[in-house]
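J.: Got a predicted structure plus its sequence, pasted below:
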Amino acid sequence: MFTFLLHYNLVYDGLANRNLLYASILNIAFIFAIITMDKLEGYIWNKVRKKKKSKPKSTSTFAKIKNEIFTDVPIKTGLYFFYIVLLVCSAIVTAEPDFPVLYYYSDYLKSVYYGLLVLVASDKFLALVLKQMSKGEREERGEEQ
């Protein structure tokens, strides 16, 4: 729900001023930004964890909570869910243009219609790039796979 309110009010209504073309472009930029931040955070966090030489045998509750917050924040999962729900809502509005409540968001739903496709493609692309980067780093160190 937070993602919807943020996206609708900030991107569609605020920045794009309800213009479908601008909203679609900004939607794609929004997806790229979220996926890039998520991948970059995971990549950096893995680097930081690898640099730690020794792990304490008994970790404190604070350390466990900190670890969960930094490694398991489901930003990308929430984004996938958001675009799946928007795709379903868009299909409903397409089938029944006068569907209650969704009728008012029909232009917004048009602007995010291809969001799930862009999300999946950019997520897969960035995963492949990071995989290639880590493979290149292993090759530089002379490690075998």
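T.: That came through, no problem.

J.: Tell me where this protein is predicted with low confidence.
T.: Scanning the chain for pLDDT under 70 picks out the ranges 1, 52-58, 64-74, 143-145.

J.: quick check: longest helix of it.
T.: Using DSSP state H to define each element, the chain has its longest helix at helix 20-51.

J.: Pull out the buried positions in that helix.
T.: For helix 20-51, burial by neighbour count (16 or more other CB atoms under 10 Å) applies to 23-24, 26-28, 30-31, 34-35, 38-39, 42. C-beta coordinates here come from the backbone N, C-alpha and C atoms, glycine included.

J.: could I get those residues as CSV with distance to E137?
T.: Putting the buried residues of helix 20-51 into CSV (distance: CB to CB, whole Å) gives the following:
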residue, distance to E137
A23, 39
S24, 36
L26, 34
N27, 33
I28, 30
F30, 30
I31, 27
I34, 25
I35, 21
D38, 20
K39, 15
G42, 15
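
J.: Mind giving me the packing neighbours of the longest helix of the chain?
T.: Contacts defined by 3 or more CB pairs under 8 Å, 6 or more residues apart in numbering; DSSP states H and E place helix 20-51 against helix 61-71, helix 75-95, helix 106-111, helix 115-141.

J.: now the last one, how far from the chain's geometric center?
T.: Taking the mean C-alpha point of helix 115-141 and that of its whole chain, the gap between them comes to 14 Å (CA atoms, centre = their mean, to the nearest Å).

J.: buried stuff in it?
T.: Applying 16+ other CB under 10 Å to helix 115-141 flags 115-116, 118-119, 122-123, 126 as buried.

J.: ok, back up a step: take the helices and strands packed on helix 20-51 and lay them out in a markdown table including distance to A16.
T.: As requested, the helices and strands packed on helix 20-51 are arranged in a markdown table below (distance: least, CB to CB, whole Å):
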| stretch | distance to A16 |
| --- | --- |
| helix 61-71 | 32 |
| helix 75-95 | 16 |
| helix 106-111 | 7 |
| helix 115-141 | 14 |
